[in-house]
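K.L.:
Could you work out the structure for the sequence below:
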Amino acid sequence: MARSGRCACGAVTLKLEGEPVAVRQCWCRQCQQIAAGGPTHNAMFPTESVHFSGELAASSWIAASGNTLTFHFCPRCGTQAYAQSSARPQFRTVRLGFIDEPHGLKPEMAIWTAEAPAWAQIDPAIPQFSQMPPSPNPAPSGS
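P.N.:
Presented below is the predicted three-dimensional model:
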């Protein structure tokens, strides 16, 4: 399924091919800081399936996992576009808010729940990982 997306001001657009290999809700402290206190909601796609048009800015830091995380965003409006981990260059982790609705995606797991605030509402029906889960396998070709 092809999906599209855009930032809040429309300066950056997105085309996605195929299905994500994982859809996650992340409660790590860095995600809480960039998401106004709550989690980020992300879909991991193979890098070759993600196509952005327009200028993106980036910022990097060392995550609690020890990996370098690079966050890409629109420099005009600040909308978060995607993140990429040094440990998983084969994936781009696209923010669900960047993808046009209806995209039909929802978190399949919650990660870094050990760092969630006491008031966090985490769906008990999805798997939860206190820290980083194992890396997903790449999607089969043609899916």
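K.L.:
so what's residue 75 up against?
P.N.:
Residues in contact with residue 75 (C-beta atoms under 8 Å, 6 or more residues apart in numbering) are 55-57. Backbone N, C-alpha and C define where each C-beta goes, glycine included.
K.L.:
Read off the pLDDT value for it.
P.N.:
Note on residue 75: pLDDT of 98.
K.L.:
ok, the contacts of residue 75 vs residue 4, which is closest?
P.N.:
residue 56 (16.1 Å; C-beta to C-beta).
K.L.:
which residue packs closest to the closest one, ignoring adjacent ones?
P.N.:
residue 72 (4.5 Å; C-beta to C-beta, 6 or more residues apart in numbering).
K.L.:
Which of the helices or strands spans the one you found?
P.N.:
strand 68-73 (DSSP states H and E).
K.L.:
list the buried ones in that strand?
P.N.:
Buried positions in strand 68-73, judged by neighbour count with 16 or more other C-beta atoms under 10 Å: 69, 71-73.
K.L.:
Take the residues you listed and lay them out in a markdown table including distance to residue 115.
P.N.:
Shown next, in a markdown table, are the buried residues of strand 68-73 (distance: C-beta to C-beta, whole Å):
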| residue | distance to residue 115 |
| --- | --- |
| 69 | 14 |
| 71 | 17 |
| 72 | 22 |
| 73 | 22 |
